[in-house]
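Student: pasting the structure only:
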């Protein structure tokens, strides 16, 4: 589908997925390249379900939604379901949640405000890979009916909507994008905002627009998977040849019976292909079994049937053939090329020096890969430990926040928020309460400031926070210069600001206290400077922040610091007070430390994934070491017997057999250490606040790899050394 989204380019390098309501009728009239236009936006309503109200997210759409997107209906006609006001289309999940097994068509939803919606359609389940995720659809016509007026506004900065376009197939996208320059608008402080196209297929991985997908993480997973396939493939080669004597007489007999080298080679390749194909089929069964657990781990809903997409199947069979060829060709050529006499005798006494060097080289590469993965795992672990322990500049223990966005914006909103705060404070286990437009881990509001002596064109990007007088105290944010806000000073309300240190540096205020500063082209007075605190994840540096003192117009959250004496009882009290005072709006709350942890959920997933990949790679490498040890012991059986007869101690024999392993892991540590250090360093650049990559990480990786390599061969080594010398000397 070709439905580019519409964006307004803001005052920074960030892109914002917003557009004005008036854009649709304007572009439909003036741009003939457009075949269909559809706007969407979100609302939160609380619906009654038996004896409680549940907050639900509603997607508001135009009637063209079902023509532009391919979301089929189980029930209802797509051309009619949203024709009338107060019609609602729901997902199967919501149909079951609210109506059970009953037919939902014609049933009603009632909001906490008494608004009644009638179900006119039921969607098929929304695909998990869709960037549009919704359970309810309502038309803009319904919103206009509720408001009692049209949503059309001539203000092109009233841009709380997303607009999707379906263009004529012959449209030149670059030329059309350039054509949109005529709609450039003056944003904040005269800054130009411009509309641009963005392909729908580009949404998932486009970091510029806060995409949910991460190409870097996907690349790491694919690379780790390829590495493990590589390690496993060459282990197969080593282990197969290590036990070549079980097949060598059979090969000799085949050659004497008239089979040429090509026929013997083909037989080995067929065996390898069948083995890889069988492994592939087993892996599909394993994927089917573990996919639910994997989905829980990554927080997504991958479908097993996606494996049977023709592109996936073709790629999979291509990989199967490639692995079969790579793993089968060397043993096939090597063993089919043996002399007839070697075959009849049971094989060569020893492998050639070049053959052993080749296999040891492969083991160096394999362990290098394992050490790279180990370095990555240890680096991520240390960085996440640093993130967890770093002082963020504000308190987070025993603090929860409530979402106030569902409280209706009317003349009583300020009073209702203040009354709610006072009622909550009646509980002795609630220490302090504060209202604000954002919380330290989720500011969410940005703007361009104005200040005295501002030069033309100087429009820096500032985050903006509106708070009451208790917010800074609740979160323990320190004022290092000047003072905090006070309700006892009437001049503070709406006219005073506190800047963080980064903002002061950005504006180059030599004496910040008393400086003139503000937003929305209205100057106020700076009364204090707050110590920098990390209000974004540690991936980002602290950015300029302007904090205003407001009576509640912009308050979206209420934060509560509670004692840890009886947290469940305190939560129940909060729920009771909210239910009494919120007109049945469903309570949405969370603890601030949970919100902070959410900022690093993807990093934690990556860490756990690398733990698994590292273990798998090391385990497979140890099998390879085991194979090489088997070769070495077979070749040196008689030598070991002679040395033991001559009185060689156990330690000398162990060193004789293990020295190659130490050399392999030592070289792998050098190669893997250099490459792993570079990769880990590049990953750490994603964090503005990070650990220093040190030699200790390489050393720990080396010791883990060494330990894992020595343990599996120790039993084989012990058995070989403890064998009776007489039996060793009889071995041919």
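Tutor: Here it is on my side, so go on. Since this is a predicted model, take the numbers as computed values, not measurements. Numbering: from 1, shown residues only.
Student: quick one: residues in contact with the strand or helix carrying residue 499.
Tutor: Per DSSP states H and E: residue 499 is located in strand 496-500. Strand 496-500 is contacted from outside by 472, 479, 482, 484-485, 507, 509, 512, 517-518, 524-533, 542, 544-549, using Cβ atoms under 8 Å, 6 or more residues apart in numbering. Where you see a C-beta, it was placed from the backbone N, CA and C, and this is true even at glycine.
Student: which ChimeraX command selects the buried ones in those?
Tutor: Buried subset of the contacts of strand 496-500, written as a ChimeraX selection, criterion 16 or more other Cβ atoms under 10 Å:
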select :472,482,484,485,507,509,512,517,518,524,526,527,528,529,530,532,533,542,544,545,546,547,548,549
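Student: so which of the contacts of strand 496-500 are in helices?
Tutor: 472, 507 (DSSP state H).
Student: restricted to strands, list the contacts of strand 496-500.
Tutor: 479, 482, 517-518, 524-530, 545-549 (DSSP state E).
Student: hang on, the earlier thing: strand 545-549 and the strand holding residue 499, what's the angle between them?
Tutor: In terms of direction (axes from the mean of the first three to the mean of the last three Cα atoms, to 10 degrees), strand 496-500 departs from strand 545-549 by 150 degrees.
Student: strand 496-500: partners in the sheet, and parallel or antiparallel?
Tutor: strand 522-530 (parallel), strand 545-549 (antiparallel) (DSSP bridges).
Student: direction included, what does the next helix or strand after the last one pair up with?
Tutor: Downstream of strand 545-549, the first helix or strand assigned by DSSP H and E is strand 557-562. For strand 557-562, the paired strands and their directions (DSSP bridges) read strand 399-403 (antiparallel), strand 430-436 (antiparallel).
Student: list of residues touching stretch 27-35?
Tutor: Contacts for stretch 27-35 (Cβ under 8 Å, 6+ apart): 37, 165, 166, 167, 168, 171, 176, 179.
Student: between the residues you listed, identify the one with the most neighbours.
Tutor: residue 165 (25 neighbours; other Cβ atoms under 10 Å).
Student: quick one: pLDDT of it?
Tutor: Reading off the confidence values, residue 165 has pLDDT 89.
Student: what is whichever helix or strand it is part of packed up against?
Tutor: For residue 165, the host element (DSSP H and E) is strand 162-167. Judged by 3 or more Cβ pairs under 8 Å, 6 or more residues apart in numbering; DSSP states H and E, strand 162-167 is in contact with strand 5-9, helix 23-30, strand 34-49.
Student: please redo it, this time with the cut-off set to 7 Å
Tutor: Secondary-structure packing of strand 162-167 (3 or more Cβ pairs under 7 Å, 6 or more residues apart in numbering; DSSP states H and E): strand 5-9, strand 34-49.
Student: contacts for the next helix or strand after the last one, please.
Tutor: Moving toward the C-terminus from strand 34-49, the next helix or strand (DSSP H and E) is strand 52-61. Around strand 52-61, the neighbours that count as contacts under Cβ atoms under 7 Å, 6 or more residues apart in numbering are 38, 40-47, 112, 134-140, 143, 406, 584-586, 588.
Student: what's in contact with the next helix or strand after strand 52-61?
Tutor: Next along the chain after strand 52-61, taking DSSP H and E as the criterion, comes helix 65-68. Contacts to helix 65-68, defined as Cβ under 7 Å, 6+ apart, come from residues 3, 36, 38, 78, 164, 166.
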